[in-house]
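Chemist: Sequence first, predicted coordinates after that:
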Amino acid sequence: MKILGIGNAIVDVICKVNENFIEKNFLTKSTMKLVDENEFEKLLLSLKIEETISGGSVANSIVGLSQLGNEVGFIGKINDDELGAKYEDGLKKENVKYFYSKKKEKVPTGTCLILITPDSERTMITFLGTAGKINEQDIDVSSIKNSEILFLEGYLWDEGEPQKAFNKAINNSNKVAMSLSDLFCVERHKSSFLELVKNNLDITFANEQEIMSLINTKKIEDVIEFSKSTKKLLVVTRGDKGAIAINDDVVVECNAKKDIKLVDLTGAGDLFASGFLHGHINGRSLKESLEKGTEMSSKIIQTIGARLS
């Protein structure tokens, strides 16, 4: 198997909202907020649902990799409920091997409200549900050992059992990549993430805001020097400034695509990772991998949701 992903198994509920909704509910635009089930249901009552699809950051990347013809798999915890069945079916339809056997749990399958404002930015409200209960017993070690790259998401990192599951996966991997996922995650787990980037990860994906927060800088030059010091591969997306990859002392840049009709930024980073990893795992150059990531990202932001049809 080329790549195995482990992440939060989340069903995405996509809704369009105005700026006032974000302000009225004391949300921080373009970030992710964790809520309990009651708060989630309360918000949902006031919204019109555009689409419901199986999601989760790494799962979106894995589906993208499958669509590019790679043999891939995924581990993520769901409940044996209606949403869990929908989630599993969504992966299997995309030829993703699912290495988790669902069973009845005390909490439902995780759900994420993706609120899209008129400027196409997305703000996420997440009830982790069963996804946040992942533990060491849920980790299929043989599938990790049989994959060339293990791909993890920062969203998964949390205290207690999820962290133990995360570390077990890393300790059994051949090569490990991770997305920092969100500024919220970086600021919540800064010291742990810094340790992971320096000592445990072979490939790190981040946007400019996330990586600058991680190392406490506002200069891309500092990011480049930091990456060189780690001797690892760092891939940074920079919005309309394109993307950059730093591998040891090699620095490669790629321009963003122009004249794109922006519809929804959901999944931009996820599909960028799909494209880059596709290039990387198939022996393409850093430049070609960046270009493939940019191509995939450009496609997804012209449609609603984080999965290409």
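Modeler: In hand now; what should we look at?

Chemist: thinking residue 133 is in contact with residue 110, fair?
Modeler: No - Residue 133 is beyond contact range of residue 110, at 9.3 Å (criterion: Cβ atoms under 8 Å). Quick note: C-beta positions are derived from backbone N, CA and C, even for glycine.

Chemist: out of those two, which sits in the more crowded spot?
Modeler: More neighbours surround residue 110 than the other of residue 133 and residue 110, with 27 against 18 (other Cβ atoms under 10 Å).

Chemist: Report the separation between the more buried one and residue 83.
Modeler: When Cβ to Cβ, to the nearest Å is applied, the distance between residue 110 and residue 83 equals 8 Å.

Chemist: separation between the nearest residue to residue 25 once chain neighbours are set aside and residue 215?
Modeler: In space, and not counting its chain neighbours, residue 25 is closest to residue 43: 6.7 Å by Cβ to Cβ, 6 or more residues apart in numbering. Distance, residue 43 to residue 215, by Cβ to Cβ: 34 Å.

Chemist: Show me which of the two is the more surrounded one.
Modeler: Each of residue 43 and residue 215 has its neighbours counted (other Cβ under 10 Å); residue 43 has more, 19 against 15.

Chemist: quick one: contacts for residue 7?
Modeler: 56, 57, 58, 59, 74, 76, 152, 153, 155, 156 (Cβ atoms under 8 Å, 6 or more residues apart in numbering).

Chemist: Quick check: closest non-adjacent residue to it.
Modeler: residue 58 is the one closest to residue 7 (Cβ to Cβ, 6+ apart), at 3.3 Å.

Chemist: Ok, residue 90 next?
Modeler: Closest to residue 90 by Cβ to Cβ, 6+ apart is residue 54, at 3.2 Å.

Chemist: For residue 243, what are phi and psi?
Modeler: The phi/psi pair for residue 243 (degrees, to the nearest 10) reads phi -150, psi 160.

Chemist: got it, and residue 207?
Modeler: The phi/psi pair for residue 207 (degrees, to the nearest 10) is phi -90, psi 170.

Chemist: Check the gap between it and residue 153 for me.
Modeler: For residue 207 relative to residue 153 (Cβ to Cβ), the value is 13 Å.

Chemist: and those two? which has more neighbours close in?
Modeler: In terms of neighbours (other Cβ under 10 Å), residue 153 is the more surrounded of residue 207 and residue 153; the figures are 27 against 22.

Chemist: so that one touches residue 9, yeah?
Modeler: No - Residue 153 is beyond contact range of residue 9, at 11.1 Å (criterion: Cβ under 8 Å).

Chemist: Overlap in contacts, the two.
Modeler: With Cβ under 8 Å, 6+ apart, residue 153 and residue 9 have common neighbours residue 56.

Chemist: Any chance you could list residues touching both of residue 110 and residue 83?
Modeler: Contact with both residue 110 and residue 83 is made by residues residue 11, according to Cβ under 8 Å, 6+ apart.

Chemist: Parallel or antiparallel, list what pairs with the lowest-mean-pLDDT helix or strand in the chain.
Modeler: Least confident helix or strand, the chain: strand 49-55 with a mean of 88, by mean pLDDT, DSSP states H and E. Strand partners for strand 49-55, identified by DSSP bridges, are recorded as strand 10-16 (antiparallel).

Chemist: Restricting to C-alpha, output the helix or strand that the strand it pairs with is followed by in CSV.
Modeler: The C-terminal neighbour of strand 10-16 among helices and strands, as given by DSSP states H and E, is helix 19-24. The C-alpha coordinates for helix 19-24 follow below in CSV (Å, rounded to 0.1, in the frame of the first residue of the first chain):
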residue,chain,number,x,y,z
GLU,A,19,-20.9,37.4,8.1
ASN,A,20,-23.4,38.3,10.8
PHE,A,21,-24.0,34.6,11.7
ILE,A,22,-20.3,34.3,12.5
GLU,A,23,-20.2,37.4,14.7
LYS,A,24,-23.6,36.6,16.4
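
Chemist: for helix 19-24, packing partners?
Modeler: On a contact count with 3 or more Cβ pairs under 8 Å, 6 or more residues apart in numbering; DSSP states H and E, helix 19-24 meets no helix or strand.

Chemist: quick one: the strands in the stretch 1-150 of the chain?
Modeler: 3-6, 10-16, 32-34, 49-55, 72-75, 97-98, 110-116, 122-127, 149-153 (DSSP state E, counting those that start in this stretch).
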